[in-house]
Structures are given as C-alpha cells and as structure tokens.
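>>> Let me see the structure of the following:
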Amino acid sequence: MQRQIWTILLAGALGTIAFDLFGQGLSPAFGFSKLAPVGLATATLKTVFGSIPKGAGDILHILTGMFVYSLGYLWVARPIQRKVIPNLHWALTATAYGIGLWVFALYFVAHLIAGNAPFLGFTGITWVAFWGHIVYALVAVYVIERGPFASDDDA
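Model (predicted):
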C-alpha cells in the first residue's frame, strides 16, 4: 500500500509538472496559446462556492493533478483497458486517458460547471489543453506502469 501511495504521488507530481511546463512554458514559447489551469480551477470554485480564498485555484489544480487524475487512471482507465483490451500497450491507454481528461476538463468542468463555452470555443487554448492532457497522462502513466515504485500489485 505504501508503494502505491508513493507511485500515485510521484506520477501525479511529475504529470502536473509536465502539463504546466508544456502548457504554460513551451507552448507560448513556440507562439501557441498559454494554458490557464489555475484560472479555470478558480472560476470553477467561484461558480460552486461563490467567494473563495486566494490560492484556492492553485490548490485545486495541484491536488487534481497529484491525486485525482492519477487515481482516475488506476481506478477507472486501467481496469477498463485490462478488461476490454488486456494487451494494449500502456502508452496507448495513457493517450486515450489523456483525451478523456481533456473532455472532462474542457467540457464537464469548464462548460457544465464553470459556464464557459464547450471546449472553450475550440480556440487555440483548446488544442494546447488537448496535447497538455495527453502529455500529463503519458508522464503519469509511465511512472505508474514503469517508474521506480511500479509493481503489478498497484491495481
């Protein structure tokens, strides 16, 4: 169990760093849109709770990346993949999971909860978010499946 906790933490932390590095650093450095995950998290919290303390959006963004998305892979995506296509390579499962995260973030959270246009209107930020969620998933799933704490009993 302790190995699994460290795996989740490391996967989520490295996935979140990769997501932010790509979406807030590399993408704008190459002339593309810059992601604003903290802005979305803050808007979501304000929609749900009204007034929120400063930094709440940062906390939600970090905790979502470190725990929720890693657990989503372990508890939802990987079990489904193992039942449906048991021999599928982890990288393909991770890519599909990243696309699922993108749909979750930009349709369910950004649109249905925060009230933005679906998929943020399919603007430049939409596609940076698409690739950013795939990058997150590839990094996090690599750590879960092949990283230093990975084991067959992580499921």
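>>> just for the protein, where's the confidence low?
By pLDDT under 70, the low-scoring segments of the chain are 149-155.
>>> residue farthest from the centroid of it?
Centroid-distance maximum for the chain: residue 51 at 25.2 Å, with CA atoms, centre = their mean.
>>> was I right about residue 52 contacting residue 42?
Yes. At 7.1 Å, residue 52 counts as touching residue 42 under the criterion of CB atoms under 8 Å. (Each C-beta comes from the backbone N, C-alpha and C, glycine too.)
>>> Mind checking which of those two has more residues around it?
Neighbour totals were compared for residue 52 and residue 42, and residue 42 leads with 20 against 17 (other CB atoms under 10 Å).
>>> For the more buried one, give me phi and psi.
Main-chain dihedrals, residue 42, degrees, to the nearest 10: phi -60, psi -50.
>>> which residue sits closest to it, ignoring its sequence neighbours?
The shortest distance from residue 42 to any non-neighbouring residue, by CB to CB, 6 or more residues apart in numbering, is to residue 57 (3.0 Å).
>>> Okay, and residue 54 sits in which element?
Counting by DSSP states H and E, no helix or strand carries residue 54.
>>> That one: neighbour count?
Neighbours around residue 54, by other CB under 10 Å: 7.
>>> before we move on, what about residue 137?
Residue 137, neighbours per other CB under 10 Å, totals 30.
>>> Quick one: classify it as helix, strand or coil.
Look at residue 137: counting by DSSP: H, G, I helix; E, B strand; the rest coil, its state is helix.
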